[in-house]
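Engineer: Fold the following and give me the result.
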Amino acid sequence: MIDRVITSGTFSLDGGTWDVDNNVWLVGDAREVVVIDAAHDAAAIAERVGGRGVRAIVCTHAHNDHINAARDLAERTGAPIRLHPADQVLWEQVYGPEVAYEPLGDGDKLTVGGIALQVLHTPGHAPGAICLYAPDLGALFSGDTLFKGGPGATGRSYSSFETIIDSIKERLLTLPPETVVHTGHGDSTSIGAEAPHLEEWIARGH
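Structural biologist: Next up, the predicted model:
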């Protein structure tokens with residue numbers, strides 16, 4: 001089961017602020033879910049969770065628009081927050097050092113409702129950016145690493161165009177082409193649909 005809540009708020013970094021709509025993904029079954037990217041509105045996310053247990057609140061990276069409801073949702077549900085520690089500097093811009101999370105690493109596996117989610121470390125948009133791959137569902141939850149139309153933005157602090165291209169080439173384009181890509185913003189796509197476009201980006205990035 002894959003469910004989505006779209007929440008609205010702002011993204012702030014490097015002194016700028018932008019209005020954004022975020023995709024919050026819920027993966028699991030009728031008993032339990034993992035929440036991917038608790039953005040903006042913990043009440044709306046909790047309403048969609050309903051009576052199900054929350055196994056974890058997974059942050060694909062620590063830009064404020066992907067984590068700003070994580071503490072509130074964790075307090076409501078008792079679920080741990082999970083994040084790759086390479087994003088500590090971004091995390092502390094929102095929460096300081098006092099809000100704890102459990103570290104995620106490349107190759108870690110989360111299981112929820114009988115569904116296995118594999119952690120792929122895909123730095124570039126942020127140092128600790130990850131994607132979650134669910135082979136049983138034929139789905140990838142890409143955060144802001146890959147969108148319909150190309151890679152995530154790399155024009156701000158702690159980001160790197162060359163690094164995100166390497167991550168996509170080495171970690172994502174190797175997945176089956178029919179894999180559905182559920183993104184952090186906007187419409188879903190597939191690995192097969194993006195691969196030809198991304199080859200152009202790869203050629204330009206090297």
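
Engineer: Mind jotting down where the strands sit in this protein?
Structural biologist: Across the chain, reading from the start of the chain, the strands by DSSP state E fall at 2-13, 16-28, 32-36, 53-58, 81-83, 102-103, 109-112, 115-121, 130-134, 139-143, 146-147, 150-151, 180-183, 189-190.

Engineer: could those strands go into TSV alongside mean neighbour count?
Structural biologist: The way it works is simple: take the backbone N, C-alpha and C, and place the C-beta from them, glycine included. TSV is the format used below for these (neighbours: other CB atoms under 10 Å):
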stretch	mean neighbour count
strand 2-13	16
strand 16-28	18
strand 32-36	26
strand 53-58	23
strand 81-83	22
strand 102-103	12
strand 109-112	16
strand 115-121	19
strand 130-134	25
strand 139-143	27
strand 146-147	24
strand 150-151	20
strand 180-183	21
strand 189-190	19
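
Engineer: Among those, which one carries the weakest average confidence?
Structural biologist: Set side by side, the strands of the chain show their lowest mean pLDDT on strand 150-151, which sits at a mean of 93.

Engineer: Partner strands of that strand, with direction?
Structural biologist: Each strand pairing with strand 150-151, determined using DSSP bridges, is listed with its direction: strand 146-147 (antiparallel).

Engineer: Any figure for the gap between residue 6 and residue 22?
Structural biologist: Using CB to CB, to the nearest Å, one obtains 7 Å as the distance from residue 6 to residue 22.

Engineer: what's the lengthiest helix in the chain in contact with?
Structural biologist: Residue-count comparison of every helix in the chain, with assignments taken from DSSP state H, identifies helix 191-205 as the longest. Applying CB atoms under 8 Å, 6 or more residues apart in numbering, the external contacts of helix 191-205 come out as 140, 146, 148-151, 161-162, 165, 168-169, 172-173, 175-179, 181.

Engineer: Likewise for stretch 6-21?
Structural biologist: Stretch 6-21 is contacted from outside by 22-24, 39-41, 44-45, 63-65, 68-69, 156-157, 185, using CB under 8 Å, 6+ apart.

Engineer: can you pull the contacts of residue 190?
Structural biologist: By CB under 8 Å, 6+ apart, residue 190 lies in contact with 177, 178, 179, 180, 181.

Engineer: residues near the first one, how many?
Structural biologist: So that's residue 177. The local packing of residue 177 (other CB atoms under 10 Å) involves 11 other residues.

Engineer: Can you pull the phi and psi angles for it?
Structural biologist: Here the main-chain torsion angles of residue 177 (degrees, to the nearest 10) amount to phi -60, psi -30.

Engineer: what pLDDT does the closest residue to it other than its chain neighbours get?
Structural biologist: Taking CB to CB, 6 or more residues apart in numbering, and ignoring the residues beside it in sequence, residue 177 has residue 192 as its nearest neighbour in space, at 3.1 Å. The model reports residue 192 with a pLDDT of 95.

Engineer: How about residue 206?
Structural biologist: According to the predicted model, the pLDDT of residue 206 comes to 52.
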